[in-house]
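>>> Any chance you can model this:
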Amino acid sequence: MALLPAALWAQAPSKEDVLQAMRKAAGFYRGQVSTEGGYHFYYAADLSYGRSESAEGPTQVEVQREATPIVALAYLDAFEKTGEKAFLEYARAAAHALVRGQLSSGGWDYLIEFDPEKRKQYQYRADNNCAGDRRGVTNLDDNVTQAAVRVLARVDRALNFADAKVHEAALFALDKLMAAQYPVGAWPQRFRTPPDFSKFPVKRASYPETWSRKWPGPDYQTHYTFNDNSTLDAIDMMLEAARIYKDPRYRASAEKGGQFILLAQMPDPQPAWAQQYNAEMQPAWARVFEPPSVTGGESQGVMRMLMALYRETGDRKYLEPIPRAIKYLKGSAVPRGNAESFRRIPPGPVLARFYELKTNKPLYITKGSRLAAAGLGSRMVDGYEISYAPDSVITHYNVLTSGRELATIEEDYRQLAAANPNTIRRPEILHGLSPWSERTTKAGSTSELGAEARKLIDSLDARGAWTKTGAIGKADRLVFVYAAKDMVLRLGRGPADGSAGGGDRAARAQVIPLKENDTIEVYAGAQPPLGKIISSADFARNLTRLAEYAARLR
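Purely as a prediction, here's the structure:
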């Protein structure tokens, strides 16, 4: 162990201190927080309520990365670094939660339902409930199915492939994903059954002669998509599966995905990539705020994936598109302005998320008000029009993105291009849910980790929970309003100035000004939303950091 400065030495926890804290925190999270081994994004500190982006309440868990997958991999990291079998069993429990949420189509949707009656609405394989038109669409958006497969495969390897349910579910998912892969090498964002491949010929990317400035509607799930790195995560998932299972079919599927990346690079004058393409391999609409365009956001991820493919295969064809794309993107930087959309971008170059086809003008999407009411769904009231100006644009989705990563992409490309291909392969054991996107960083010195470990141990409450100030709402939200422009909220039926007199509350209206970007939420009952929360992402990060420190101690 590296020598600690004297001041830190007295404060640095011993290995047993760290292990005890890890056992306490993980035992609490598995024993008191989890539902059937799975997890939400956030919980009220008293565990009375949990919610995620799509799931909420005590009978559901989330499959997106910040919930079940990230917690499962934290347990695996803890097992790998300490050898303690309890952590592996907690990871196994999370894998079994995923097994119970696997759909007959092979993958997963955002949430898993465990209530026996509600489960009948879903085509869960574990329940042999695959007939009919129940909810059963595999979702590759937001790294959902890809992350679930990574968790299953890594747990499967850690268990020496001895857990039949975990092993079979992983292989079934991989087979279904290969069956759904388009001839061009891409995947649809969602699928129930494999697409009719005769309608999706292999073509090289091109520009449409014209495209509508009006959103045509939500039918975009069959598009080839880079949005949210869906295809990139699928490619790298296949690369990792080939390592774990020694099956060349998975490597071939990944390289087929690499073929799609090469074909999808747009020709001059914009040699980068679109968010999504139609069957003609032309940029296409997705959601109302995702127009046909060349993207300054996902294009950066595509280049990182090309370098990962090169590191895996040694084939220089994966490096060839990168210099042209970097030159184009560096030349497409947007002058930094004073609009709110620029304030959310860190210092450095700024790129547009969307560049107009051929003209390369940045495209923005105007802000719209939104109303959601319990039982009635969500509705956009106004806005969501294409604009050439960065003012009053949507805030729930970045229409600008940082270009700071371009410099590191260019540096990494030059190093890879000059290196011996035999020396650049990634480590045999991959970590994280998107290894293709992660650069090697130092974990910190032992003294720094020791000081951090002491703070983490001291911040655990008596149960073994890490809490923080925050609000996650309540289960019984009735109304949500997002104000895209200045509005007023009126409470009560009488005059706002109180001139009606009397003690009747209805006669005393209150007018509250709402500024742009303000929100209103109305909940049933008198109990306000709680102010202390527990975060699965925080738990996973803290457990992993303690495990890293424990691994350095004798």
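>>> which residues of the stretch 251-400 of the chain score low on pLDDT?
Residues of the stretch 251-400 of the chain that meet the criterion pLDDT under 70 lie in 377, 380.
>>> what about 80?
By pLDDT under 80, the low-scoring segments of the stretch 251-400 of the chain are 368-370, 372-383.
>>> before we move on, what about the stretch 401-550 of the chain?
In the stretch 401-550 of the chain (pLDDT under 80), the answer is 439-444, 471-478, 480, 482-486, 492-509, 516-518, 523-530.
>>> if I look at residue 91, how far off is residue 103?
According to CB to CB, to the nearest Å, residue 91 and residue 103 sit 22 Å apart. C-beta: built from backbone N, CA, C; applies to glycine.
>>> Equivalent analysis for residue 337, please.
Taking CB to CB, one finds residue 337 at 45 Å from residue 103.
>>> ok, now residue 188?
15 Å.
>>> Those two: who's more crowded?
residue 103 (26 against 23; other CB atoms under 10 Å).
>>> what sits against the more buried one?
Counting by CB atoms under 8 Å, 6 or more residues apart in numbering, residue 103 touches 109, 122-125, 136-138.
>>> Dump those residues to TSV, plus neighbour count and pLDDT.
As requested, those are arranged in TSV below (neighbours: other CB atoms under 10 Å; pLDDT from 0 to 100):
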residue	neighbour count	pLDDT
109	23	97
122	18	97
123	22	97
124	22	98
125	20	97
136	22	96
137	17	96
138	25	97
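>>> And the helices in the stretch 1-150 of the chain?
6-9, 15-28, 68-82, 85-101, 144-158 (DSSP state H, counting those that start in this stretch).
>>> can you check the chain too?
For the chain, applying DSSP state H gives helices covering 6-9, 15-28, 68-82, 85-101, 144-158, 164-180, 230-245, 248-264, 298-313, 322-330, 340-343, 405-418, 446-458, 536-552.
>>> and residue 482, which of those helices is closest to it?
Residue 482 lies closest, by CB to CB, to one member of the helices of the chain: helix 340-343, at 14.5 Å.
>>> show me the contacts for the residue nearest the centre of the chain.
Per CA atoms, centre = their mean, the C-alpha nearest to the average position across the chain is that of residue 142, at 4.4 Å. For residue 142, the contact set (CB under 8 Å, 6+ apart) comprises 64-65, 110, 228, 230.
>>> let's go with 7 Å and repeat that
64, 228 (CB atoms under 7 Å, 6 or more residues apart in numbering).
>>> which parts of stretch 390-397 are buried?
Residues 390, 392-394 are the ones in stretch 390-397 that count as buried (16 or more other CB atoms under 10 Å).
>>> same thing with stretch 163-177?
163, 165-167, 169-174, 176-177.
>>> I'd like the helices of the stretch 1-150 of the chain as JSON lines, with distance to residue 210, mean neighbour count and mean pLDDT appended.
Formatted as JSON lines, these follow (distance: least, CB to CB, whole Å; neighbours: other CB atoms under 10 Å; pLDDT from 0 to 100):
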{"stretch": "helix 6-9", "distance to residue 210": "65", "mean neighbour count": "10", "mean pLDDT": "49"}
{"stretch": "helix 15-28", "distance to residue 210": "57", "mean neighbour count": "19", "mean pLDDT": "97"}
{"stretch": "helix 68-82", "distance to residue 210": "42", "mean neighbour count": "25", "mean pLDDT": "98"}
{"stretch": "helix 85-101", "distance to residue 210": "43", "mean neighbour count": "22", "mean pLDDT": "98"}
{"stretch": "helix 144-158", "distance to residue 210": "34", "mean neighbour count": "26", "mean pLDDT": "98"}
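>>> got the ones you listed as CSV, with distance to residue 39 columns?
Below are the helices of the stretch 1-150 of the chain laid out as CSV (distance: least, CB to CB, whole Å):
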stretch, distance to residue 39
helix 6-9, 33
helix 15-28, 12
helix 68-82, 5
helix 85-101, 8
helix 144-158, 12
